[in-house]
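Colleague: make a model of this:
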Amino acid sequence: MARNRQQDNCPRVETSRRRVLATAALAPILAGTTTPAHALSTRTTTEARSGLVRPVPTALSDWSGVADALGRSGDLKRKVMYHTGLPRRDLLVVSRGVRVEPALALGSHVSFVRYDDGSALVMGDVVVTEHELQQFTDALHENGIQQTAIHKHLLSQSPDVWWIHIHGHGHDPVVLARGLRAAFDRTGTPPPLPSPPPQPVDLDTAGIDAALGVNGATDGGIYKCIFVRRETITDGDLVLPPGLGSTSSFNFQPLGGGRAAISGDCAMIADEVQDVLVALRRAGADLVELHNHGLRDEPRLFFTHFWVVGDGVRLARALRTTVDATNVVPAAV
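Modeller: Numbering: from 1, shown residues only. Just a heads-up that it's a prediction; the model follows:
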């Protein structure tokens, strides 16, 4: 009987032990001897850090070797990002009864940046089919390129499509570009086509701009409204140019009569996430994903993809609350 009582007391002893340890851990806090949380966060903000590595301006000609390695030309954004779009024009994707145009949610893209320490960074978001996913992954691994997210942008899509965020850092951007080319060659990503001249879209774009507080732009028949975080975002010690891996986007695909299918993505810090999710649902949007794009970003960013169909201006007004809930500004055109 004594032995049984001893065994019965084991859980109580362990519970007491845990309480003692927890109390010991909390004692400094209860005594008021720790640094306040807001003071700690102030000390560790990006703006207060030293030893950061910053991007340097480049010219389009500086990236000719990367363009040759990728087999595709790109453009220069904000004088520091060499950007290459690789839309999946080969895929016929349907989501919730809507045929998805490549510029709405099927636009693979990669961006290269040079830094003042002589290194180069590439980050991007790549569209692959479920059949392509594992072989694309293997090619990235074989070439030392990291995956930082595997997720979806759409609900109930056919065929099944995935989005892969990639990250590479080294001293030779051409080597990184060759590794990416090897991965893309294991997918059906088509060769580039000349960019068609911008065409008007069947939407009240002025009304959308006024509702969201932004000047949008047309891209591949899609009206896009882009915002960037106000904070300086870093990846480890690398300062990321505004908009690299940290944009909020509202993409409108015209459906006729002023209606649109909207595929969107909101960039948030942790304290903003719940307000944005609530705002999206109140706007009638369906939530698709909540995830991270990077592994070492600071401040830590979260992203939520959403989908909604309806009158473009009315939805833009409803979605304005998600913009106001985050620390963003319209992206420079």
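Colleague: in contact with Val98: list those residues for me.
Modeller: 253, 255, 261, 309 (C-beta atoms under 8 Å, 6 or more residues apart in numbering). Every residue, glycine included, has its C-beta placed from N, CA and C.
Colleague: quick one: Trp163 from Val313, how far?
Modeller: Separation of Trp163 from Val313 (C-beta to C-beta, to the nearest Å): 28 Å.
Colleague: er, Arg114 I mean
Modeller: Look at Arg114 and Val313: by C-beta to C-beta, they are 41 Å apart.
Colleague: for the stretch 201-333 of the chain, which segments count as helices?
Modeller: Assigned by DSSP state H, counting those that start in this stretch, the helices in the stretch 201-333 of the chain fall at 205-212, 273-282, 312-324.
Colleague: including mean pLDDT, could the ones you listed go into a markdown table?
Modeller: Formatted as a markdown table, the helices of the stretch 201-333 of the chain follow (pLDDT from 0 to 100):
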| stretch | mean pLDDT |
| --- | --- |
| helix 205-212 | 98 |
| helix 273-282 | 98 |
| helix 312-324 | 98 |
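Colleague: mind listing what the residue nearest to Val100 when sequence neighbours are not counted touches?
Modeller: Spatial nearest neighbour of Val100, excluding adjacent residues (C-beta to C-beta, 6 or more residues apart in numbering): Val93 at 4.5 Å. Going by C-beta under 8 Å, 6+ apart, Val93 touches 99-100, 105-106, 154, 157-159, 161.
Colleague: how does it look with 6 Å?
Modeller: 100, 157, 161 (C-beta atoms under 6 Å, 6 or more residues apart in numbering).
Colleague: coming back round to it: would you turn the helices of the stretch 201-333 of the chain into JSON lines with mean neighbour count and distance to Val175?
Modeller: JSON lines is the format used below for the helices of the stretch 201-333 of the chain (neighbours: other C-beta atoms under 10 Å; distance: least, C-beta to C-beta, whole Å):
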{"stretch": "helix 205-212", "mean neighbour count": "18", "distance to Val175": "40"}
{"stretch": "helix 273-282", "mean neighbour count": "17", "distance to Val175": "37"}
{"stretch": "helix 312-324", "mean neighbour count": "21", "distance to Val175": "39"}
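Colleague: of all those helices, which lies closest to Gln134?
Modeller: For the helices of the stretch 201-333 of the chain, the distance to Gln134 is smallest for helix 273-282, at 30.5 Å, taking C-beta to C-beta.
Colleague: where does the record place the domain boundaries for the protein?
Modeller: Following automatic domain parsing, the chain resolves into domains at 2-38, 51-195, 198-333.
Colleague: circling back to that earlier point, closest to Val80 out of the helices of the stretch 201-333 of the chain?
Modeller: Nearest to Val80, of these and by C-beta to C-beta, is helix 312-324 at 25.0 Å.
Colleague: so where's the stretch 151-300 of the chain uncertain?
Modeller: Along the stretch 151-300 of the chain, no part satisfies pLDDT under 70.
Colleague: mind listing the strands for it?
Modeller: 157-158, 161-170, 217-219, 222-229, 234-235, 238-239, 247-256, 259-268, 286-291, 297-298 (DSSP state E, counting those that start in this stretch).
Colleague: equivalent analysis for the stretch 1-150 of the chain, please.
Modeller: Under DSSP E, counting those that start in this stretch, the stretch 1-150 of the chain gives strands at 75-77, 81-87, 93-95, 98-100, 107-114, 120-129, 146-151.
Colleague: next, count neighbours for the nearest residue to Leu70 once chain neighbours are set aside.
Modeller: Closest residue in space to Leu70, ignoring its immediate chain neighbours: Ala177 at 5.0 Å, by C-beta to C-beta, 6+ apart. Using other C-beta atoms under 10 Å, Ala177 has 26 other residues around it.
Colleague: relative to Asn215, how far out is Ala177?
Modeller: 32 Å.
Colleague: re earlier: any chance of the contacts of Val98 in CSV, with distance to Pro241 too?
Modeller: CSV is the format used below for the contacts of Val98 (distance: C-beta to C-beta, whole Å):
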residue, distance to Pro241
Gln253, 28
Leu255, 34
Ala261, 30
Val309, 33
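Colleague: quickly list what the nearest residue to Pro200 once chain neighbours are set aside is bridged to.
Modeller: Leaving aside its sequence neighbours, Pro200 sits nearest to Thr218 (C-beta to C-beta, 6+ apart; 7.4 Å). Judged by DSSP bridges, the bridge partners of Thr218 are Tyr223.
Colleague: gap between stretch 319-328 and the chain center?
Modeller: In terms of C-alpha atoms, centre = their mean, to the nearest Å, the centre of stretch 319-328 is found 16 Å from the chain centre.
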